[in-house]
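S.K.: Here is the input, now give the coordinates:
(one chain, ligands or ions: 1)
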Amino acid sequence: MKQRIEKLISSIHDDEAVLVTSYPNIFYYSGFTSPDACLLLTHDESYILTDSRYFIQAREEAPDLKLYNISNGLDSLLKRIAEKNIGYEEEHLTVARHRKLQKRLPREFELVKMQKNINAPRRIKGKGEIEIIAAAEKIGDMAFLHILDYIKPGVSEREIALELEFYMKRQGASALSFDTICASGVRSAMPHGTASDKPIEKGDLLTLDFGCVYKGYCSDMTRTVAVGKIGEKQKEIYDIVLKAQKEAISKIKPGLKCSYIDSVARKIITDAGYGKNFGHGLGHSVGVEIHEMPSLSPKCDDIIKSGHILTVEPGIYIENFGGVRIEDLVAVEDNGIVNLTNSEKELIIV
Ligand SMILES: [Mn+2]
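M.R.: Alright, predicted model coming up:
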């Protein structure tokens, strides 16, 4: 944690301090797991600002930071710091809170936007972070294997999602990365179709996109399975998506543009005649948050680097018919990738 704070502080000017207010960044820079806090990071000292409900927890989880009782107001804390420009998270701090803060700050202090600096160190994951994300993804793999026995005609999407979620928590997950997507039949044409009361039917494609939070980090994976015998067109789009996904993964290595990897998958899907049915980007980074930067989208010209954790998740969605998405989570290394998702991705018929 100390090194993370040092890295951030070394990226800003001598007269700048940083106020961290979003939960993901509070966790990343301090290890503190309550959203009811903020961090004030200066060139000399780092403070965790919270109230008495969290003192014990803060001392345990964030021993590197000095504890400051926010109930005492900001004045006495501000007197201790030399920096006069306070960087803040403009993508998180509400307008109301910004106004309030500005009113409370003594005249000599100024608030400056600093989201980019604050988020930048999170892009490259360290060895320890990658190990945690791999463990989180392993819970996903086990959950997928577990749920295969559970998918049967007549069982509702909601029951399947619940079983999946219960299982992941049993395995040590503290939360879900996002609302589980469990979409069958024509509903699988909705890329983000969360579980409904629709029962699974024979001949359905069923898309499961899910993830869990483990030790503060997210996992993410998607598999589409066939329920009984499916039609030729369903099989056709499955094969195209699988080919696009495998091909894109095989191309990922440091030094390439993110948009290039998107284009590899997009070309395969477009050449097969389904370009307009693949509306979203190919993937995104994953870490403390489920969606981080850089993303594997047509618009992202960032360069892929060792330490990026990326999803690769092409899809084809056809309204009133159904859809397919297949998603793996990969860790970029110096010479290529390690795929953190180990679930079968050849078509599974349950
Ligand atoms: Mn994803």
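S.K.: Helix or strand: which one has the residue most central in space within the chain?
M.R.: With distances taken as C-alpha atoms, centre = their mean, I290 lies nearest the centre of the chain, 1.3 Å away. Using DSSP states H and E, I290 sits in no helix or strand.
S.K.: again, but for L162
M.R.: Counting by DSSP H and E, L162 is part of helix 157-170.
S.K.: And for I269?
M.R.: Going by DSSP H and E, I269 is in helix 258-271.
S.K.: next structured bit after that helix?
M.R.: By DSSP H and E, the next helix or strand past helix 258-271 is strand 283-285.
S.K.: So which bits of that next one are buried?
M.R.: For strand 283-285, the buried set under the neighbour-count rule, 16 or more other C-beta atoms under 10 Å, comprises 283-285. To be clear about C-beta, it is placed using only N, CA and C from the backbone, and glycine gets the same treatment.
S.K.: So which elements touch that strand?
M.R.: strand 292-296, strand 309-312 (3 or more C-beta pairs under 8 Å, 6 or more residues apart in numbering; DSSP states H and E).
S.K.: Which pLDDT value goes with the residue of the stretch 101-250 of the chain found nearest the ion?
M.R.: Proximity of the stretch 101-250 of the chain to the ion (C-beta to the ion) peaks at D220, 4.2 Å away. For D220, the model assigns a pLDDT of 98.
S.K.: With K79 instead?
M.R.: 88.
S.K.: before we move on, what about K2?
M.R.: 86.
S.K.: That one contacts A62, correct?
M.R.: No - using C-beta atoms under 8 Å, K2 makes no contact with A62, being 10.6 Å away.
S.K.: neighbour-wise, which of those two wins?
M.R.: A62 (26 against 11; other C-beta atoms under 10 Å).
S.K.: which residues touch the residue of the stretch 101-250 of the chain closest to the ion?
M.R.: Residues in contact with D220, defined by C-beta atoms under 8 Å, 6 or more residues apart in numbering, are 137, 140, 177, 209-211, 286, 290, 311, 327, 329.
S.K.: Over to N339?
M.R.: Contacts of N339 (C-beta under 8 Å, 6+ apart): 249, 328-330.
S.K.: could the residues you listed be laid out in a markdown table, adding distance to A183 and secondary structure?
M.R.: What follows is the contacts of N339, written out as a markdown table (distance: C-beta to C-beta, whole Å; DSSP: H, G, I helix; E, B strand; the rest coil):
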| residue | distance to A183 | secondary structure |
| --- | --- | --- |
| I249 | 23 | helix |
| D328 | 19 | strand |
| L329 | 20 | strand |
| V330 | 24 | strand |
